[in-house]
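Need coordinates for the following:
(2 chains)
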Amino acid sequence: MTEVISPTTPEQLREAVSWALGSKNPLEIIGSGSKKTYGHSVAADHVLDLSKLTGIMFYEPEELVLSVRAGTSLAEIDALLRDKNQQFHFEPGNFPGLLADGVSDHAGTIGGLIASNLSGPRRIKVGAARDHLLGFEAISGRAEDFKSGGRVMKNVTGFDLSKLMAGSFGTLGVMHTITMKVMPCDEKTRTVLIACDDMESAGRAMTRAMGSENEVSAGAWIAQEEVGKFGMDMVTGIGSGIVALRVEGPAPSVAWRCEALRKLLADIGASEELHSANSHTFWRAVADVAPFAGGTGILWRVSVAPASGGAIAAKLVANTGGKVMMDWAGAQIWLFLPGGDAMAAKVRDIARLHDAQAVLVRAPDDIRNQVSVFHAEDAALARINAKIRENFDPEGILNPGRIGHRLTKRGDA
Amino acid sequence: MLRMPEPDQSTLARRKDIIAAMRDIVPNEGGVIVDEDQLRPYECDGLMAYRQLPMIVVLPENTGQVAAILKYCHTHKIRVVPRGAGTGLSGGALPMADAITISMMKFNRVLDIDWDNRAVVVQPGVTNLGITRAVEHKGFYYAPDPSSQIACSIGGNIAENSGGVHSLKYGLTTNNVLGVEMVTIEGEILRVGGKGLDQSGYDLLGVITGSEGLLGIVTEVTVRILRKPETARALLLGFNSSEEGGNCVARIIADGIIPGGLEMMDAPAIKATEDFVHAGYPLDVEALLLVELDGPKVEVDYLIERVGAIAKECGAVYSRISESEDERLLFWSGRKNAFPAIGRISPDYICMDGTIPRRRLAEVLTGMQVLSQRHGLRVANVFHAGDGNLHPLIMFDANQPGELERAEAFGADILKLCVEVGGVLSGEHGIGVEKRDLMPEMFTEDDMKHQERLKLAFDEDELLNPGKVFPTLHGCGELKTLHAREVANKFPDIPRF
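Sure, this is the predicted structure:
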């Protein structure tokens, strides 16, 4: 039977890891457990549950800094930031909702968010979750306390282990305290919607927009059959697929840039604008990958060079019969396969051909047991990664198998 | 006094063989430097207080040669010091008597400009400004702009995770680099990152950036470029106290405005620069803010007005807005010449680089005045106020016995003060040898051991840039051992279900 250990303090966390190390009992580490099905399953009889290790250490809005215990819920943090009109600039979506039933109100913990380095639409302008992690404190697989970074914006003191921890899925250490950079919400937001059904034209349109002076903070393409999922009349009213481009900032600037974008892309199709609340609602839905949330079908996330997004998306659709949505101005393609087949070989062949990476975000357990969820890094990088892992967690007690090193070493499915 | 690892006598004894081997690998004219007079220019970097002749200097021209050199060094256990343009301020490229200095300055080509992906692929010896020069004809630029940008190399920027006056809005090197090719000490060629945004696996690009040449030698760099903002304007704001100036900075940011540049200078720095460049700075204020807004003209005009209003509320006693590009550049000329301006009024100076939480500024500046009196040396401050990065310039005369040591002790005290108030030892210059022995002020032994364990994954024999960043390197054996004190067999007494 699985036993759940729920430390409430960093000391208790160290004790738990220390016990696991001494008794060679691997741990499955969870925050709220909302992203358990992202990645490979962990073979462990003990669950280390961080959801009781909570609390705001400090929040200084004028300094743009927030420090919390890793188990603090994103819902609580969101409310706190919203109260001061601030936000995480990388605007993470409701990933748990995407993975599970799509109606989950359980948006996970800050620890889980950072451990999986998830970022939303604004990533193209302001960077990923990892770029907003200022510092952390953790217990490594050696049951030792270690920290890196700090609470200030600019810091090159020692190796930047914060980058290493972000996206490491708890395989190097268990973070208990996380310090984040936060940012003020922009005064105004508007979104230009341009009618466009063709993926390659959409890709080119986004490339032109991103290369312009208009400081586009998000760019997405939604197919006509998916726009209904946004539940917004103004969006469905366009009656076709859409390229969506967001601008944010002071009011006069936003209006000016919207106008400039509409002129720039007038040859693509008719355009429309979403203002303030509508713009917010729209991008919230893009962050949540609304078209493909709430289902159980297979979902891939393909990371590509932005300008090749349109062409690769078209190819993926042609070869798999799936449906796609593009975010990050083409650099992130969501591929939804309604059938039960992940078509991993096809997806990965296309990715490889374009120097892209495909991650299997959502799939039933049996498929994730056979297919590598993450992109298989080349042998030289895999060796370095394995050594880092071994140096931080020599007995392999932290989330063994979660990022599937054994699988990736064997090669792709 | 700075202690470096003892030179390895067996390496020194093999110098002739090593030179021959290097000439085999790099047969190009001038590719291997061995004569003392030609080694001399390499004896220090931008931290000129420390000098050491390298054993030899090698200037490879391609990745294959770098791989062959490192493989040879790995096989024969020879230490290596990587070097870019040599402008670093923390001594990261300080040579060692028994080490090969590998200069990357022959890697000076722009390889690919990918306008559609807004990415540029360059060799590491290309200067920071060289990237902007290559793309500015189409209205693009590379955002991080360290003050040495005319000379410093992008490879060095990667090593130090360099910042600049625009990092508040546009980030440091780490936020603007997309990928690198790096050769490990074993001679293996790694390709990390690329033109896409997210990669699976540990974020090696994130840790390579800022690793000060301890993990490998970067042979190719992909950076993202941005469209140059349509326009930029600047405000000069004077205050009667640094407290008021600091408060104004906080208010601007709290108002949701992230300026392209947000700099502050204290009275001694204002006077020194005004005497030097005559930028028209007011001499009767205690703190001067330089705020730059960039973007579409309509946005800049709007924000200039808002910042002006905030400044008024914060008690600004001087306010001037740039009305032309020439005037904007004039405002900046003072700030950008602050270092040479100090050089004019003092025979020598050292530039410190701590970062603090912004609201502790007044307290830190006051503390610095106390330290200034205690050490009997003058100090002037320029400050990347937006992100809390201080550059105290400590003035001294190296020809006066003991003054360098006093200046260093003063500098160390300033950095300790930064750490005390919640800040860090270095905001953008790196640790190198300069701040190496202060690392324990910020990190515990276990903190540093975990950093070293990252190094170990790349360079188990600790051949790459020894003596830098870490006060003492723990041996591989010590780092890998699991200590008995770390493990407990008793099931922890904590809630479980």
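
Enumerate every residue touching the residue of the stretch 1-150 of chain B found nearest chain A.
Closest contact between the stretch 1-150 of chain B and chain A, by Cβ to the nearest Cβ, is at B:D116 (3.6 Å). Every residue, glycine included, has its C-beta placed from N, CA and C. Residues counted as contacts of B:D116 (Cβ atoms under 8 Å, 6 or more residues apart in numbering or on different chains) are A:207, A:211, A:306-307.

can I get those residues in CSV with distance to chain B and neighbour count?
As requested, those are arranged in CSV below (distance: Cβ to the nearest Cβ, whole Å; neighbours: other Cβ atoms under 10 Å in any protein chain shown):
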residue, distance to chain B, neighbour count
A:T207, 5, 22
A:G211, 6, 22
A:P306, 6, 25
A:A307, 4, 24
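
Now the two most distant members of these.
A:G211 and A:P306 (10.1 Å; Cβ to Cβ).

quick revisit: restricted to helices, list the contacts of B:D116.
Counting by DSSP state H, those place A:T207 in helices.

nearest residue to the residue of the stretch 151-300 of chain A found nearest chain B other than its sequence neighbours?
For the stretch 151-300 of chain A and chain B, the shortest gap (Cβ to the nearest Cβ) falls at A:K163, measuring 2.5 Å. Leaving aside its sequence neighbours, A:K163 sits nearest to B:G206 (Cβ to Cβ, 6 or more residues apart in numbering or on different chains; 2.5 Å).

Which strand or helix spans the one you found?
helix B:204-208 (DSSP states H and E).

So which elements touch that helix?
helix A:161-165, helix A:379-392, strand B:177-183, strand B:189-193 (3 or more Cβ pairs under 8 Å, 6 or more residues apart in numbering or on different chains; DSSP states H and E).

Please state the offset of that helix from the chain centre?
In terms of Cα atoms, centre = their mean, to the nearest Å, the centre of helix B:204-208 is found 16 Å from the chain centre.

helices and strands around the helix or strand just after that helix, which ones?
Downstream of helix B:204-208, the first helix or strand assigned by DSSP H and E is strand B:217-224. Packed against strand B:217-224 by the contact rule (3+ Cβ pairs under 8 Å, 6+ apart) you find helix B:63-76, strand B:119-122, helix B:154-160, strand B:177-183.

ok, and for strand B:217-224, which residues are buried?
B:217-224 (16 or more other Cβ atoms under 10 Å in any protein chain shown).

picking that back up, just name the most buried of the helices and strands packed on strand B:217-224.
Highest mean neighbour count among these (mean count of other Cβ atoms under 10 Å in any protein chain shown): helix B:154-160, with a mean of 31.

so, in contact with chain A or not, that one?
Yes: using Cβ under 8 Å from any Cβ of the partner chain, helix B:154-160 reaches chain A at B:E160.

What's the end-to-end length of stretch A:24-34?
Start-to-end span of stretch A:24-34 (Cα to Cα, to the nearest Å) is 26 Å.

now what about that stretch, what contacts it?
Against stretch A:24-34 from outside (Cβ under 8 Å, 6+ apart): A:5, A:16-17, A:19-20, A:36, A:42-51, A:70-71, A:73, A:95-96, A:99-100, A:104, A:106-112, A:115, A:170, A:174, A:395-400.

Filter those to keep only those in contact with chain B.
By Cβ under 8 Å from any Cβ, the members of the contacts of stretch A:24-34 lying near chain B are A:5, A:16, A:19, A:395.

closest to B:N381 among those?
Nearest member of those to B:N381, counting by Cβ to Cβ, is A:A16, at 46.4 Å.

Helix, strand or coil: sort out the closest one for me.
When classified by DSSP: H, G, I helix; E, B strand; the rest coil, A:A16 comes out as helix.

which residues touch it?
Contacts of A:A16 by Cβ under 8 Å, 6+ apart are A:5, A:7, A:27, A:48, B:492, B:494.

ok, back up a step: need the winner for burial among the helices and strands packed on helix B:204-208.
Comparing the helices and strands packed on helix B:204-208 by mean neighbour count (mean count of other Cβ under 10 Å), helix A:161-165 comes out on top with a mean of 27.

how far out from the middle of the chain is that helix?
Chain-centre distance of helix A:161-165: 16 Å, with Cα atoms, centre = their mean.

Beyond it, next helix or strand please.
Next element after helix A:161-165 (DSSP H and E): strand A:173-181.

Tell me which other helices or strands that next one touches.
By 3+ Cβ pairs under 8 Å, 6+ apart, strand A:173-181 packs against helix A:10-23, strand A:65-69, helix A:110-115, strand A:133-140, strand A:145-149.

Taking helix A:379-392 as reference, get the angle to the last one.
Pointing back at strand A:145-149 there. Strand A:145-149 runs at 130 degrees relative to helix A:379-392, counting by axes from the mean of the first three to the mean of the last three Cα atoms, to 10 degrees.

Pull strand A:145-149 out as CSV, backbone CA atoms only.
Taking C-alpha atoms only, strand A:145-149 is exported to CSV below (Å, rounded to 0.1, in the frame of the first residue of the first chain):
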residue,chain,number,x,y,z
ASP,A,145,19.8,21.5,2.4
PHE,A,146,20.8,23.6,-0.5
LYS,A,147,19.8,26.9,-2.0
SER,A,148,20.6,29.0,-5.0
GLY,A,149,19.7,32.5,-6.3
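
Can you give the distance of it from its chain's centre?
On Cα atoms, centre = their mean, the centre of strand A:145-149 falls 23 Å from the chain's centre.

Spell out, range by range, the strands that occur in the stretch 301-413 of chain A.
A:323-327, A:332-337, A:357-362 (DSSP state E, counting those that start in this stretch).

Is chain B within reach of the first one?
Which is strand A:323-327. No: Strand A:323-327 does not reach chain B (Cβ under 8 Å from any Cβ); its nearest approach is 10.2 Å.

So what are the sheet partners of that strand and their directions?
strand A:218-222 (antiparallel), strand A:332-337 (antiparallel) (DSSP bridges).

what does the longest one contact?
Residues from elsewhere that reach strand A:332-337, judged by Cβ under 8 Å, 6+ apart: A:123, A:289, A:291-292, A:295, A:297-304, A:309, A:312-313, A:316-317, A:320-327, A:343, A:347, B:197-198.

now the shortest one
Identification of contacts with strand A:218-222 by Cβ under 8 Å, 6+ apart yields A:121-122, A:124-125, A:191, A:196, A:199, A:202-203, A:206, A:209-210, A:230, A:235, A:241-246, A:283, A:286, A:291, A:310, A:313, A:325-330.
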